[in-house]
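> I would like the atomic coordinates for the input below:
(one chain, ligands or ions: 1)
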Amino acid sequence: MKRFPLSLLILVLVGMVCQAPAGASANPAPAEVELLLAGGRVLDGAGNDWVYRDIGISGDRIVYLGNARLDGVEAGETVDVSGLLLTPGFWDMHSHGNLSSEYGRQAIHKLYQGITTIITGVDGGGNHDMANLYERYESRGIAVNVARFVGHNRIRRAVMGRDDRAPTDGEMEQMKAMVRQAMEEGSIGLSTGLFYVPGTYATTDEVVELNKVNAEYGGVYDTHDRDLGAAYQSVGFDASVKEAIEIGERAGTPVIFSHYNPQGAHNYGRGPDAAALIEDARARGVNVMAAHHPYTATHSNLASYTIPDWARDGGQEAMVRRFDDPETAAKLDGQTAEMLAIRGGAEKLRFTTTRDGLNGRTLAEVAAEWELTAPQAVRRILRDGNAGVMNLDLYDAWNTRYLARRDWMMTCTDGGMPDGDGVVHPRSYGAFTKKLRRFAMDEGVITLPFAVRGMTSLAAAFLGFERHGLIKEGFYADIAVFNLDEIEDLATYEDPHQQSKGTVHVIINGRFAFRDGSPTGELPGRPLRRGLR
Ligand SMILES: [Zn+2]
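So this is what the prediction gives:
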């Protein structure tokens with residue numbers, strides 16, 4: 001191809017624009033731009049490199065992309081974002097945020113990371129009464145968008161309690177009706193927590209049956225699968241992943257793995273095996289994806305990590321009665337010791353509960369102070385109820401980086417509400433900024449456009465939200481604006497209550513939820529109902 005002198009090209013282009021009939025230019029000025037973000041570098045979220053674009057917003061939509069000065073765009077308000085990076089708002093694909101609480105609905109720790117949409121009802125925890133919940137969100141206001149799963153554990157407990165048995169036909173019908181109601185009311189799909197009681201009592205077939213109702217509505221299947229690698233006397237990581245894929249394949253739904261990363265020192269270095277399990281299914285045509293966060297610690301609760309299912313059957317009172325029987329307690333302590341070994345030992349379990357004498361300390365420290373063995377200390381703590389706990393070093397940092405490079409990997413905080421002074425998992429404050437700063441910018445594990453794609457368009461498209469996740473005309477104006485030099489997570493395991501740095505503005509549905517480095521107090525978020533937008 002002959003090379004075209006640049007000056008000639010410009011002349012030709014200018015000529016074309018001048019000759020074009022009114023309104024037919026490449027970037028016609030829209031009738032009305034209320035807000036113009038001018039002079040910034042735009043990563044569109046599709047994985048492309050950044051380009052200079054001014055972004056025009058009207059109402060809740062992006063209505064203009066281009067060079068506003070050249071196109072003669074006039075705006076109600078112009079905000080200079082030169083020197084800054086603009087991306088679609090981030091999707092937190094696995095969040096334990098509770099938008100019903102005053103603290104939760106402001107979602108401040110999410111905004112500091114550029115998150116504009118959170119996915120809740122995960123790990124099997126979402127209730128089926130979606131319409132009421134969403135109406136409450138709409139009437140009281142929420143800072144970020146939310147899309148939600150109906151949860152298998154939640155409906156199974158409502159119908160069958162904590163019983164370790166198969167459902168009767170009548171119970172199965174009841175559970176299906178609950179899934180159906182949630183789907184009718186806008187749920188994005190079904191979530192399970194087959195690792196947790198009572199989901200763990202369900203067979204593969206039970207979940208397939210329920211997931212078929214989900215499939216009728218075009219929902220996705222979200223799995224905290226049976227054995228992330230550190231479950232006790234369970235099926236093992238590989239079989240667990242295969243089970244979840246089977247559930248999606250037989251029912252006819254896409255599958256997304258929550259916090260995908262093989263757990264335990266015995267799985268260190270197995271990132272490629274974990275990736276292959278998903279890639280083999282994708283090669284067969286199954287739509288399987290995953291989300292993860294960049295930390296090596298998990299966070300859950302002491303009972304789930306240290307007490308075998310049989311000892312918890314029937315609930316708290318039944319469990320404490322077993323503690324009181326010396327023979328049963330001795331058997332239990334032996335199994336708790338085995339469970340602790342899988343998790344790296346009592347020194348790897350760090351409490352995140354404000355209960356007296358526990359917060360921020362390890363199980364090993366607490367047991368030593370009480371002059372008990374670790375299993376004895378576990379029983380003493382659980383007599384007064386369950387306790388939040390982190391499991392340090394359960395994920396391999398190398399695996400996490402390997403998996404971050406897969407083109408089906410999204411990002412999540414997996415984070416709860418970090419309110420109060422107690423020690424919390426830093427992921428609530430820094431999962432997205434840590435991935436950007438460390439994996440993309442400092443280490444070059446992934447490129448910035450690739451990282452942003454996994455946090456935005458990949459998630460929105462997977463969930464079927466066709467007008468979200470990209471900076472594109474006609475799309476919802478969910479936009480994060482960063483100072484690239486300053487992006488950084490500050491929260492640590494030792495000092496977790498620190499907001500991320502580098503986020504300048506966050507716009508949600510066309511309104512500033514976060515401006516000039518601070519939350520505005522506005523509540524522009526909305527429930528995103530599947531298929532209804
Ligand atoms: Zn989970």
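> The stretch 101-250 of the chain: helices as residue ranges?
Secondary structure of the stretch 101-250 of the chain, counting by DSSP state H, counting those that start in this stretch: helices at 102-106, 108-111, 130-140, 152-160, 169-184, 204-216, 237-251.
> The second one packs against which elements?
What that stands for is helix 108-111. In terms of contacts (3 or more CB pairs under 8 Å, 6 or more residues apart in numbering; DSSP states H and E), helix 108-111 is packed against no helix or strand at all. C-beta here means a position set from N, CA and C on the backbone, and glycine is covered the same way.
> related to what we said a few turns ago, so for Met417, which of the helices of the stretch 101-250 of the chain sits nearest?
Ranking those by proximity to Met417 (CB to CB) places helix 102-106 first, at 5.5 Å.
> Residue of the stretch 301-450 of the chain nearest the ion, please.
Minimum separation of the stretch 301-450 of the chain from the ion (CB to the ion) falls at Asp414, amounting to 6.3 Å.
> May I have the residues that are in contact with that residue?
94-96, 258-259, 293, 299, 425, 427, 431 (CB atoms under 8 Å, 6 or more residues apart in numbering).
> How about Asn287?
Neighbours of Asn287 in contact, by CB under 8 Å, 6+ apart: 248, 254-255, 462.
> switch to 7 Å and redo it
Pro254 (CB atoms under 7 Å, 6 or more residues apart in numbering).
> From Ala38, how far out is it?
39 Å (CB to CB, to the nearest Å).
> got it, and Tyr268?
For Tyr268, the distance to Ala38 - CB to CB - is 48 Å.
> Compare the two (neighbour count), which wins?
Between Tyr268 and Ala38, counting by other CB atoms under 10 Å, Ala38 is the more crowded of the two (18 against 15).
> would the more buried one count as being in a strand?
Yes - judged by DSSP: H, G, I helix; E, B strand; the rest coil, Ala38 forms part of a strand.
> show me the residues around the closest residue in space to it that isn't next to it in sequence that make contact.
Take Ala38 and drop its neighbours on the chain: the residue closest to it by CB to CB, 6 or more residues apart in numbering is Asp54, 4.8 Å away. Neighbour list for Asp54: 36-39, 66-68 [criterion: CB under 7 Å, 6+ apart].
> Would you mind checking which of those residues is nearest to Glu473?
The closest of the contacts of Asp54, once distances to Glu473 are taken by CB to CB, is Gly66, at 9.3 Å.
> tally of neighbours for that closest one?
With neighbours defined by other CB under 10 Å, the count for Gly66 comes to 20.
> where does the residue of the stretch 301-450 of the chain closest to the ion fall, helix, sheet strand or coil?
coil.
> Remind me which helix or strand the residue nearest to Ala38 belongs to.
strand 51-58 (DSSP states H and E).
> Same question for Arg401.
Per DSSP H and E, Arg401 falls inside helix 397-404.
> Need the pLDDT of the residue nearest to Ala38.
The model reports Asp54 with a pLDDT of 98.
> Also Gln19?
Reading off the confidence values, Gln19 has pLDDT 38.
> what does this protein put close to the ion?
Along the chain, the residues adjacent to the ion under the rule CB under 5 Å from the ion are 123, 224, 258.
> possible to save these as TSV with pLDDT and neighbour count?
As requested, the residues of the chain next to the ion are exported to TSV (pLDDT from 0 to 100; neighbours: other CB atoms under 10 Å):
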residue	pLDDT	neighbour count
Asp123	97	26
His224	96	25
Ser258	90	23
